[in-house]
Structures are given as C-alpha cells and as structure tokens.
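Peer 1: Mind looking at a prediction? Sequence and model below.
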Amino acid sequence: MKTALITGATSGIGLAFAELLAQQGYGLILHGRNVRKLSELSASLPNVQLTLAADLSCSDEVTVMIEQLEQVKQPIDVAINNAGFGLYGKHTELKESDIAAMLALNVSALTRLSRYFAERMAVQGSGHILNVASTAGYQPQPYFAAYAATKAYVASFTEAMALEMKSSGVSMTCLSPGRTDTGFFTFEGKDDAKSGTGTFSAKHRAHPQEIARLGLKAMFAEKLREIPLFENKFYVFLNRLLPRTTMLSIYERAMKNI
Ligand SMILES: NC(=O)c1ccc[n+]([C@@H]2O[C@H](COP(=O)([O-])OP(=O)(O)OC[C@H]3O[C@@H](n4cnc5c(N)ncnc54)[C@H](OP(=O)(O)O)[C@@H]3O)[C@@H](O)[C@H]2O)c1
C-alpha cells in the first residue's frame, strides 16, 4: 500500500485531499493541530496509519514532526504541504505575533518540509510533492499584503526546486487555488458566508473537493503548476495583459471591503 502525508488535513482542502487519497487506496499520515479532530478523522477514514499533531508555526514542533517521520520506515510516496492561513487587514493593524506565525507556517515550515520530503524521496528514487500556494501569489494584494507575498514565495520556491529535483525521480507541483469554501474565511468579523455579498462570499467560492481533485490530477501528471478552474486561470492571465499598477488598484478596491 502506498502512503500519502497531508499537512492541515483536519479541514478544508487538506481534508478533501485525505478523502480522495483514501478512496484511491492510499495509507494516510495526517497532520493537524487539533488532536480531537485528528482522532475523529482517524476513526472516519480508512487506512489512517499515523496522525501527527503539531503547530507548524513553531520551528521546534516542525523539528519534532520530522523526527516522528524518521520513525516511519515505509516509503512516503506523496507529501502535500497544505497547512496555511491568511491574515486579512491593513498590515500596520495586524498583530506582530500573528504575522510572524503566518510567515513561519506558510514559508518556513513549508520550506523545511519540502527539503525533508525531497531528500527522503530522492533516496527512494520516487515520490510526489504538492505545495499549496494561491492565486493571491500571482500579484500583490492590498489588505492581504503579507499573505499574498507568502504564496508568491511558495510558487517561486516550488517551481525552482522542482527543476533541481528533475533527475531524482521526485516531482514537485505547485497548486494555486482561488477562493474556496473552507475555514480559511474565518477572519475576525469578516466571514460573509451568510450574507452572500462581497468578494469572498460563499457564492464565489469553489468546492474544496474539486480543488483537491484537480490538484491531485496535476501532481500525478507531474505538472509544475496548477491553477484550478477557469475563473482562477483568467484572473492570473489578466496579470499578463494589464499593467501591474492597474491590477494593484483593482485589487485594492476589491480587497478593501470584503
Ligand atoms: N480557501 C481558500 O480560498 C484558499 C485559496 C487559496 C489558497 N488556500 C490555501 O489552501 C491551504 C488550505 O487552506 P484551507 O482553505 O483548506 O483552510 P482551512 O479549512 O482553514 O484549513 C487549514 C488547515 O491548516 C491547518 N493549520 C492552520 N494553522 C496551522 C498551524 N499553525 N500549524 C499547523 N497546521 C495549521 C489547520 O489545522 P487545524 O484545524 O488542526 O488547526 C487546517 O487543517 C492553505 O495553505 C491556504 O493558504 C486557500
């Protein structure tokens, strides 16, 4: 039985990855922060081999998780670096500690885990790594300034590293979803799912299962990048047509009152 590891598997897109890979017969190593959610998942999904609880915004906990993974002797065939979150608001009004946690999770933990899985899979001679970025990584986004920058990092880093790994049997793919209906939108006082208005309202969001399905398809096809769904591809393509300053002011207006 092949094994897949997913970070942030306790909800949203990560949970959808876990469900789809379970259907495909993978044994699962599931990561999350919340121990209760992890044990419920382990009871509800088939073939959960191991659960790992770690706050990946804390570098010591990333170290402990890597040590735990060293005890897993069978090959890890698929690793999905999915855990991440976004801080919405004017950068000067965000809490310094929250910004640091977001950078540590979205950038530092993903960078360390990518290195760990790539080295391990290169020894095996095979494996797939899928890193979750965002369409937000394709242009600067006022009120999502640091979050969008973390996702630009994920896209740039993953695509560059993928080429370094080319002859090792290890593929790396960057998945950049747009608005997707998950727990991501629980910004303080800003979840407009019920009102149905605003840029991020529920009616504009994709289904996480669909995003995960397209992400897995791209990963198994060993594509360098996947921007799932036409609408997301269209917005990313606009960056090539319109000047950066025009895109910035479009996003400034769209993001100010979400
Ligand atoms: N939803 C969107 O519109 C959207 C769009 C583009 C990209 N993305 C990206 O997709 C990925 C998955 O997000 P989602 O939309 O599925 O959101 P979600 O439903 O909020 O899920 C986030 C997952 O990440 C985990 N996580 C959060 N903070 C963590 C931390 N400090 N340490 C370890 N795990 C942590 C959570 O674990 P616990 O619940 O156990 O704490 C949860 O499993 C993220 O990288 C996000 O940036 C989302």
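Peer 2: Yes, it's here. Computed from a predicted structure; not experimentally measured.
Peer 1: would you list every one of the helices in the stretch 101-250 of the chain?
Peer 2: Assignment of helices within the stretch 101-250 of the chain using DSSP state H, counting those that start in this stretch yields the ranges 110-124, 145-164, 208-220, 230-241, 244-256.
Peer 1: what's the most buried one of those?
Peer 2: Of these, the one with the most neighbours on average (mean count of other Cβ atoms under 10 Å) is helix 208-220, at a mean of 20. Glycine gets a C-beta too; all of them are placed from N, C-alpha and C.
Peer 1: Output it as PDB - backbone C-alpha positions only.
Peer 2: Provided in PDB are the C-alpha atoms of helix 208-220 (Å, rounded to 0.1, in the frame of the first residue of the first chain):
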ATOM      1  CA  PRO A 208     -12.700  22.100  -1.800                       C
ATOM      2  CA  GLN A 209     -13.200  18.500  -3.200                       C
ATOM      3  CA  GLU A 210     -13.000  19.900  -6.800                       C
ATOM      4  CA  ILE A 211      -9.800  21.900  -6.000                       C
ATOM      5  CA  ALA A 212      -8.200  18.800  -4.300                       C
ATOM      6  CA  ARG A 213      -9.200  16.600  -7.300                       C
ATOM      7  CA  LEU A 214      -7.600  18.900  -9.800                       C
ATOM      8  CA  GLY A 215      -4.500  19.300  -7.500                       C
ATOM      9  CA  LEU A 216      -4.000  15.500  -7.300                       C
ATOM     10  CA  LYS A 217      -4.500  15.200 -11.100                       C
ATOM     11  CA  ALA A 218      -1.800  17.700 -11.700                       C
ATOM     12  CA  MET A 219       0.500  16.200  -9.100                       C
ATOM     13  CA  PHE A 220       0.200  12.700 -10.600                       C
END
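Peer 1: next one: that helix to chain centre, how far?
Peer 2: 12 Å (Cα atoms, centre = their mean, to the nearest Å).
Peer 1: any idea of the mean pLDDT for that helix?
Peer 2: For helix 208-220, the mean pLDDT works out to 98.
Peer 1: got it, and stretch 62-74?
Peer 2: Stretch 62-74 comes out at a mean pLDDT of 98.
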